[in-house]
Structures are given as structure tokens and as C-alpha cells.
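> I'll drop the sequence and a predicted model, then ask my questions.
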Amino acid sequence: MSSSKTIRIAILDMYEGTANEGMRGIREIIEAFAVDIHKSIAYDVFDVRGSAEVPGTDYDAYISTGGPGSPLDSAGSLWEQRYFALMESIKRHNRAKPDKPKHVFLICHSFQVFCRYYGLGHVSKRKSTSFGVMPCHKTDAGQHDPLLRSLDDPFWVVDSRDYQLTQPDLDKIEAGGGSVLCIEKHRPHVKLERAVMAIRFDDAFFGTQFHPEADASGMRMYLLRDDKKKLVIDKFGEKKYWDMLEHLTDPDKIMLTHNTVLPRFLMQALRHKLTEVAS
């Protein structure tokens, strides 16, 4: 049994055994955060989609990862039943103990599944894969959200998805205490709806369509793969491809997002626990 003063994070692994850079990025952000605050943080990984593993509500924060495949086809599966039972348990805990909420961060596939399950918008397959280093535009709410407000508008993100959330149900999102925070690049000449890129669902639940855990080394590895290089060049042209590689070394682009969003989530999520540990 862990000490009541141990800081514990649950990583909900949605990769279904697929090799990825996301898990490395999340682990490294947690470990760097622990060094920054001079505290020991324990984290456990749960194979949600592969083994239908979910934690209890005894963790201090939860990070639910991206992953491959369709966010539509798993509706009604055993892992979804257990996953959303956990989400509901966390919500009940937060209502019962609003002074000590459990915080949840949802990334990409988790974000899509969550929005589909709660009917927060239209989740659908894109006409083509979105992959690369992209600008992301804030809404008015995004300008002031504590996780995003220090970032530029637009700010830069790593995007990697075949699905998207459009037509957000703003009434339902706002009724739950949330707001849409940013959308993908605004292109008036393209007659396609802009996908939602981040939502604050309430004070404790936050989700992004982009990958805030992505860093320069991981993204460089992907961009240098022949299939990813072809994907970007076919869609955006060769100049855009080389621009993306150049952006990786810019401290004001994806590394700023990497160093801001999840670390600020951890600070917000763990502030009550950090006070307890210090006392």
C-alpha cells in the first residue's frame, strides 16, 4: 500500500500494443516535472484497449493517451465499458469532493472517444490524414485558459490523426462547465469545417486533439520516415516538409507547447496533493 503522501499518476495506455513515441514523451514529462518540484512521483501504466485494464480512483491524476485506429468502432466494447465506468467514478468523486478533485488529461484518441461517448460533437473520419507540425488557433476561452494562455496565437502543435471532432455541441459543453479552446488552422479558402483541437470539459477534465507530449526528437524520427515524408509532401509540398523539420528546432514552436501544456496540467492537477506532501 502506498503512502498517503506519495504522488501517484495513472497513465491510461490506448496504444493497443502499437509502437509509439507518445508513451516515452508522457513518461519523460512526468519525470522532468518531478525533478522540477523536487518530489518523487510514481506512475503506473494500464493497458486499456489491449487488456481492458483500468485503475481505481485512488490516483492523484490521470493521463489518457493517443492511439491508433477508429474512435467509433470500439463503442460498447469491454474496455470502453470499464474506461467510462472509471470516468464516471472520477466525476462522482469530483462532485463529492470539489476541494480535492481528480484531474484527467485526454490526448487524441482518448479525446475523440470521450467526445463521441458523451455526445459533444461529430466524430468522423477525415478525408485525408492530418500529420505534421501545425498552427493551432485559440478561441476567446483559449486565450485565458491556464494551460494555454502563455502560448502564442496561433501556437504550434504536433498533429497526427485520421479522425476529427467537428460541429461541437457548445450548449452541452458549456452546460458541463466547459468550453472549446482552439481549432485547427483557419483557412477561409478551404470549404471544410475546422476541427476542434482542445476542450476544457470542466475544471478537472481537459482534452486535446493534438499531441502535447510530442517533442522534437520523436517528431524528427517520424518525419524522416519515407511514408511520413511522402504524406506531408503530397499534401503540403516539399517546402512545407522542410519547414516542418526546421520548426522542430525552434524553441517557440512545438517544444514550447511540449514544455507548457502537460507540465501546467500536472501543476494544476497536483497542487492540493503537493500541499499535503509539504505539510
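Cool, the structure landed. Numbering: from 1, shown residues only.

> ranges for the helices of the chain?
Remark: helices assigned in the chain by DSSP state H are 22-37, 48-51, 78-96, 109-117, 140-144, 170-175, 216-223, 226-236, 238-247, 254-278.

> Which residues belonging to stretch 20-27 are considered buried?
Of the residues in stretch 20-27, 20, 21, 22, 23, 25, 26 count as buried by neighbour count, 16 or more other Cβ atoms under 10 Å. Where you see a C-beta, it was placed from the backbone N, CA and C, and this is true even at glycine.

> re the thing from before, of the helices of the chain, which approaches residue 72 most closely?
Closest approach to residue 72 among these is made by helix 109-117 (6.6 Å; Cβ to Cβ).

> contacting residues around the closest one?
With contact meaning Cβ atoms under 8 Å, 6 or more residues apart in numbering, helix 109-117 is reached by 12, 14, 64-69, 71-72, 74-75, 80, 83-84, 87, 106, 120-121, 123, 161, 163-165, 199, 201, 207-209.

> Only whichever of these are buried, select them in PyMOL.
This is the PyMOL syntax for the buried subset of those, where burial follows 16+ other Cβ under 10 Å:
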select buried, resi 12+14+64+65+66+67+71+74+80+83+87+106+120+121+123+161+163+164+165+199+201+207+208+209
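
> Spatially central residue in this structure, please.
Ranked by distance to the mean C-alpha position of the chain (Cα atoms, centre = their mean), the top residue is residue 107 at 2.5 Å.

> Could you report the pLDDT at it?
Looking at residue 107, its pLDDT reads 98.

> wait, what's in contact with the closest residue to it other than its chain neighbours?
Among residues not flanking residue 107 along the chain, residue 66 sits closest, at 4.7 Å (Cβ to Cβ, 6 or more residues apart in numbering). Going by Cβ under 8 Å, 6+ apart, residue 66 touches 14, 15, 20, 22, 107, 108, 109, 110, 160, 211.

> In this protein, where is pLDDT below threshold?
The model of the chain has pLDDT under 70 over residues 1-4, 186-192, 277-279.

> which strand in it runs the most residues?
Assignment by DSSP state E gives strand 122-138 as the longest strand of the chain.

> Show me which positions of that one end up buried.
Residues 123, 124, 129, 130, 131, 132, 133, 134, 135, 136, 138 are the ones in strand 122-138 that count as buried (16+ other Cβ under 10 Å).
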